[in-house]
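>>> sharing a model prediction with you, sequence too.
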Amino acid sequence: MSGGDVWALILAGGEGTRLSSLTTTPAGLTVPKQFCSLHGGVSLLEETLSRAAVVAPRSRMLAVVAGRHRRWWEAPLCLLPPLNIIVQPENKGTAVGLLLPLLHLAQRNPTATVVVLPSDHFVRDEAVLAQSLQHVARLAHADHQHIYLLGLEPERTDPELGYIVPEERTRLGVARVRRFVEKPPFAMARGLVDSGALWNVFIVAASVRALLSLHSKRYAGLIARMTDAVEQDRLRTHDSLAAERLYTKIPTVDFSRDVLEGQESMLRVVTVPACGWSDLGTPQRVADALSRCRGGRESAPTASHAAYLSLADQHSRQQLSNCAPAHS
């Protein structure tokens, strides 16, 4: 891989509300999922930083966070350059969450390639995913016209996930995208899995220009307004006054549903072998991940900052509470 312009963009501003029954402390404080761990040790955010390191050094990692989460992200992100921490005024959906850091990066390195990584995923075998991340980064670095998505080989039928239907399954594992199916009924999901559909895990690699072009085909006005706000804020990534004013006026936009769908000609999907991936999106998926990981995991990162909550401990407490006899 040539040049020094491959960046990792880590999305860490979500609330994880569907998991709040497991991420709420006895004192009533809800800790967003990315600042929790599955088994104890480092948080999912720190695991993502380790995952990102296979494609970019920390000097080229951007993290998008929420200002109200500062108490949780300051310690794990302390080794990132301050300008690489982009604070969103509020959550306006995944497409807007991508646009703000992309526009900041376009000011600093307009020819950059980015690998987008959600910060709330758990992966049992990191080595398998790492190999695919390096592969997709090389593809996107060499091809600035297309958007590359990682599609994971499903390990089971799950109607709560999104699916990518490739045009064909190729020997090299790169294919055109035929369509997306978001959270299909179980019977449809089973048919999709049987026909070769892949899990859509929202890991994306592309040039900054290609990603901005993809957004501009639907939201040119939004990009113009956000570009103006970023230029007014210049290099103020923590107290972006123009962005704060703008965010009160812009809509919530979902990247998969509102941007990707209908633009499949610009997309390519790279098949990733099953690697024990989970988005830990619901208490049931946390329970499934805990069950599947009883035999240990591969390539776990070394602890530096302990997570604020262990989902395994929270799950055990919930199970004990559910089993406790009722008092008359």
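That came in fine, so what should we check first?

>>> tally of neighbours for Val31?
When counting by other C-beta atoms under 10 Å, one arrives at 22 neighbours for Val31. Heads up, the C-betas are built off the backbone N, CA and C, glycines and all.

>>> would you confirm that it contacts Gln314?
No - using C-beta atoms under 8 Å, Val31 is not in contact with Gln314; the gap is 9.6 Å.

>>> who touches both of the two?
By C-beta atoms under 8 Å, 6 or more residues apart in numbering, Val31 and Gln314 have these common neighbours: Thr23.

>>> list the contacts for Glu155?
Ala274, Gly276, Trp277.

>>> closest to Glu264 out of those residues?
Trp277 (23.0 Å; C-beta to C-beta).

>>> excluding chain neighbours, what is closest to Asn238?
Check again: residue 238 is His, not Asn. The spatial neighbour of His238 that comes closest, neighbours along the chain excluded (C-beta to C-beta, 6 or more residues apart in numbering), is Val87 at 5.1 Å.

>>> phi, psi for the one you found please.
With angles defined as degrees, to the nearest 10, Val87 sits at phi -100, psi 120.

>>> check His146 too.
When read as degrees, to the nearest 10, the backbone of His146 gives phi -110, psi 160.

>>> now the contacts of Glu155: which count as buried?
Neighbour counting by 16 or more other C-beta atoms under 10 Å classes Gly276, Trp277 among these as buried.

>>> so which of the contacts of Glu155 are in helices?
Taking DSSP state H, every one of those sits outside helices.

>>> I'd like the contacts of Glu155 as JSON lines, with pLDDT appended.
Listed next are the contacts of Glu155 as JSON lines, based on pLDDT from 0 to 100:
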{"residue": "Ala274", "pLDDT": "95"}
{"residue": "Gly276", "pLDDT": "95"}
{"residue": "Trp277", "pLDDT": "96"}
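
>>> show me where this protein has its strands.
For the chain, the strands defined by DSSP state E cover 6-11, 36-37, 61-66, 85-88, 113-118, 122-123, 147-152, 162-166, 174-182, 198-207, 267-272, 277-278, 309-310.

>>> Gln284 is nearest to which of those?
Of all those, strand 277-278 comes closest under C-beta to C-beta, at 10.6 Å.

>>> contacts for the closest one, please.
By C-beta under 8 Å, 6+ apart, the residues outside strand 277-278 that reach it are 121-124, 129, 152, 155, 199, 201, 285-286, 288-289.

>>> who does it pair with, and is each partner parallel or antiparallel?
Using DSSP bridges, the strands paired with strand 277-278 are strand 122-123 (antiparallel).
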